[in-house]
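>>> With the sequence up front, the predicted model follows.
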Amino acid sequence: MKNMNHIVYMVLCTISMGLLASCAAKQVALKIDQYPSKQGSLREMQYSPAKTTFELWSPGAEAVTLRLYADDTSATPLKQVKMRRRQDGTWTAFAKGDWKGKFYTFEITQSSSRWKLHETPGIFATAVGTNGKRAAIIDLQETNPEGWAEDAKRSRILEKDAIIYELHMRDLSVHPASGITNKGKFLALTEHGTLSPEGLKTGIDHLVELGVTHVQILPMYDYASVDESKPDKPQYNWGYDPLNYNVPEGSYSTNPADPTCRIRELKLMIKALHDAGIGVIMDVVYNHTYDVENSQFTQTCPDYFYRMNKKGELGNASGCGNETASERDMMHRFIVESALYWAQEYHLDGFRFDLMGIHDQATMMDVRRKLDALGSNYLLYGEGWAAGAPLYPNEKLAMKANIKNMPGIGAFCDDMRDALRGPFSDDHESAFLDAKPGFEQSIRFGLVGCIAHPDVQMDQVNYSKSPWTTIPSQSINYVSCHDDMMLTDRLKASVQLEEGELERLDKLAQTAVLTSQGLPFLWAGEEIMRDKKGVHNSFCSPDSINQIDWSLKAKNQDLFAYYQGLIALRKAHPAFRMGMPEEVRQHMRFLDTPDNVVAFVLRDHAAGDEWEQIVVILNSRREPVEVKLPKGKFVTCVADGQCPCEPVNMSGIITVSAQSATILHTR
Ligand code: CA
């Protein structure tokens, strides 16, 4: 079996009953890298009332049969059609008549496959039944909600103005205190007027009240780990286990068995968010699949879509047992066409690429270019790292250090994140927020959006040894996200907290995030002191760990008001989001401050701001600190955990309270 993994024996002759006797099957060894690519779109089903056509790229197959079913569970097909092979490795067939509402799969015969092949809905199903086993024949037009055509024409806000809120579909609504009817469903975000037991806004109204510009939703494409046939069984997963990439997840719909339901309901959710002035970013996980044997990639074209070493062993840069090969033409095209499909069909406003460092830069830049061709201001960013070493040269990958070569693509800033709260590797280790010295330059680096800046001493930055962005909005700035401990849990685990310190440090951390020149990013519920009971990796923890308890909002109204106030301040003042690196270098300068204090001035009406000077001082010391202001008569707008605070006139040397931020501006 040596090298069998790379070699597929193709039967070149078209095998039909009439030709079989005269056609001698000729076997040719073809390496995977030599497979022809599919011509045209990767879409596999095209419906019309007169006939439905099917095209499946499976260049290693010896035969492919299309199976048509009445529903997503019946054992016997209504019809089977032998598909014909094209020169580009694509198998084609059509079914005459109107097949809308029926289901289909492909049965592929490939004797050289080391994997057991079974029926597959293909790699590019756009509608599926329960648990994504069978693809469905639908008319996508019929899934569009009222006003959908107008929704497509709305304008997206400028990238530099984004404030991103990361959210899991279930966490938002499942708690009894959410007041939301469609618990755990896409429709939860279409419900206005929902209230906590104390009468405070929840759900979509809460997002509007908070003021964020975008939600980034954890995987909402069809994933494998939740059994859609058991809606009443307690089940939870983040969804980083892709099954059908181009279909919404069924468990978030009110009827997973109806293929149009999940599509229509997701579109209703997106339209409701758009109508509320909020953009929608999708978390996409093209870097790996749930497993290899049962993935639609393997079931359609074994081994082609994954990276393997010379022994035929799978790469594992995802930490999930496999990594996809974006450098292969059809994987590259799959990622690009899939993202474009979501952007166009679902009117998405951006993408967050999971473990983006596994993908090659060329693929990411192709996504960028093609999104730009669709329209302006699509957000595109990802995790600029991998969970293991990818089987591809580092300099060609979309790693954080290579972001400077990838205009229009951003990455998460772990430099400032860990300088604030401590490293990913140890939940109990603290940093700046615990008044430890030595993290000030890393925080400065994050605050400028990771560009080159004269006031940042790169040799003292924790991770990056050189600037990794060319414009500040390429840096996604945050202190916590779904991965890892939440900010509240992390502070409890890593800092000896006295009474009131949790809230003070929470506010201080988010002041750094929300006044930075990078794009601010918040994890849902942190604004009301949500916690995950100390669980670090809650990807399959029950609702009791992951849900947002909306009764916390009444208990933490002061914290919520602070987040809300900072967001309003950022939105009102372009100085906090200058956009251009030259402007940041010119207008944003740091003040000389002692250990555990970082302070900067945004000067000379930065970005046309109405305020001539804005000073931001972050003090993580357990005692007040004196800071000398630049020349001028200032007035406070944030002080001692209040945003906005009572305006107080100040100049010269001022005192900043312990573990707090002060923001002042000249009149
Ligand atoms: Ca699913």
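The structure has been received and is ready for your questions. Residues are numbered from 1 along each chain as shown.

>>> right, and Asp415 touches Ser464 too?
Yes - between Asp415 and Ser464 a contact is recorded at 5.5 Å, counting by CB atoms under 8 Å. (Glycine included, C-beta is placed from N, CA and C.)

>>> which residues are common contacts for those two?
When contacts are counted by CB atoms under 8 Å, 6 or more residues apart in numbering, Asp415 and Ser464 are jointly contacted by 445, 450.

>>> Quick check on these two: which one has the bigger neighbour count.
When neighbours are counted by other CB atoms under 10 Å, Asp415 and Ser464 differ, and Asp415 comes out ahead with 23 against 18.

>>> nearest residue to the residue in the chain positioned nearest to the ion other than its sequence neighbours?
Residue nearest to the ion within the chain (CB to the ion): Asp222, separated by 4.4 Å. Nearest-residue entry for Asp222: Asn244, 4.0 Å, with adjacent residues in sequence omitted and distances by CB to CB, 6 or more residues apart in numbering.

>>> what about that neighbour, distance to Lys633?
From Asn244 over to Lys633 the distance is 61 Å, taken as CB to CB, to the nearest Å.

>>> Have a look at the two and say which one is more surrounded.
Taking neighbours as other CB under 10 Å, Asn244 and Lys633 compare with Asn244 leading, 25 against 13.

>>> Run through who's touching whichever strand or helix holds that one.
Remark: Asn244 resides in strand 242-248, with elements defined by DSSP states H and E. When contacts are defined by CB under 8 Å, 6+ apart, strand 242-248 is touched by residues 121, 123-128, 132, 135, 186, 219-224, 262-263, 265-266, 284-286, 288-290, 295-296, 334, 338, 341-342.

>>> Now do the next helix or strand after it: which elements does it pack against?
Scanning the chain past strand 242-248 towards its C-terminal end, the next helix or strand to appear is helix 259-275 (assignment: DSSP H and E). Counting by 3 or more CB pairs under 8 Å, 6 or more residues apart in numbering; DSSP states H and E, the packing neighbours recorded for helix 259-275 are helix 148-152, helix 203-210, strand 242-248, strand 279-284.

>>> Any chance of those in a markdown table with mean pLDDT and distance to Gly193 as columns?
A markdown table is the format used below for these (pLDDT from 0 to 100; distance: least, CB to CB, whole Å):
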| stretch | mean pLDDT | distance to Gly193 |
| --- | --- | --- |
| helix 148-152 | 98 | 22 |
| helix 203-210 | 98 | 7 |
| strand 242-248 | 97 | 25 |
| strand 279-284 | 98 | 21 |
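
>>> Throw the ones you listed into a markdown table and include distance to the ion, thanks.
A markdown table is the format used below for the helices and strands packed on helix 259-275 (distance: least, CB to the ion, whole Å):
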| stretch | distance to the ion |
| --- | --- |
| helix 148-152 | 24 |
| helix 203-210 | 23 |
| strand 242-248 | 6 |
| strand 279-284 | 15 |
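
>>> From the structure, what's the count of residues near the residue of the chain closest to the ion?
26.

>>> tell me the secondary structure for it?
For Asp222, the secondary structure call by DSSP: H, G, I helix; E, B strand; the rest coil comes out as strand.

>>> That one contacts Gly129, correct?
No - applying CB under 8 Å, one finds Asp222 not in contact with Gly129, separated by 10.6 Å.

>>> picking that back up, can you lay out the helices and strands packed on helix 259-275 as a markdown table showing distance to Val479?
Shown next, in a markdown table, are those (distance: least, CB to CB, whole Å):
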| stretch | distance to Val479 |
| --- | --- |
| helix 148-152 | 33 |
| helix 203-210 | 16 |
| strand 242-248 | 28 |
| strand 279-284 | 19 |
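
>>> Work out for me the element Ala452 sits within.
Per DSSP H and E, there is no helix or strand for Ala452.

>>> Spatially, what comes nearest to it if we skip its sequence neighbours?
Going by CB to CB, 6+ apart, Ala452 has Pro467 as its nearest residue, at 4.2 Å.

>>> Surely Ile163 and Leu210 touch.
No - under the criterion of CB under 8 Å, Ile163 is not in contact with Leu210, lying 9.0 Å apart.

>>> and for the two, which residues touch both?
A shared contact of Ile163 and Leu210, defined by CB under 8 Å, 6+ apart, is any residue touching both; here these are Ile567.

>>> Show me which residues of the chain sit near the ion.
With CB under 5 Å from the ion as the criterion, the chain meets the ion at residues 222, 250.

>>> low-confidence ranges in the chain?
Low-confidence segments of the chain (pLDDT under 70): 1-29.

>>> switch to 50 and redo it
With pLDDT under 50 as the threshold, the chain has low-confidence stretches at 1-27, 29.

>>> Which segments of it make up each domain?
Taking automatic domain parsing as the domain assignment, the record places the domains of the chain at 2-30, 588-666.

>>> so of these, which one's packed in deepest?
Ranked by average neighbour count under the criterion mean count of other CB atoms under 10 Å, these are headed by domain 588-666 at a mean of 18.

>>> What sits closest to Gly525 if chain neighbours are left out?
Here the nearest residue to Gly525 in space, its sequence neighbours aside, is Ile548; by CB to CB, 6+ apart that works out to 4.2 Å.

>>> quick one: that neighbour is in a strand?
No - membership of Ile548 in a strand is not supported by three-state DSSP, which gives coil.

>>> What's the local residue count around it?
Taking other CB under 10 Å as the neighbour definition, Ile548 ends up with a count of 25.

>>> if I pick it, what's in contact with it?
If a contact means CB under 8 Å, 6+ apart, then Ile548 has 171-172, 175, 178, 524-525, 528, 530 as its contacts.

>>> Apply 6 Å and report the result again.
For Ile548, the contact set (CB atoms under 6 Å, 6 or more residues apart in numbering) comprises 171, 175, 525, 530.

>>> Check the gap between it and Ser173 for me.
Ile548 sits 8 Å away from Ser173, taking CB to CB as the criterion.
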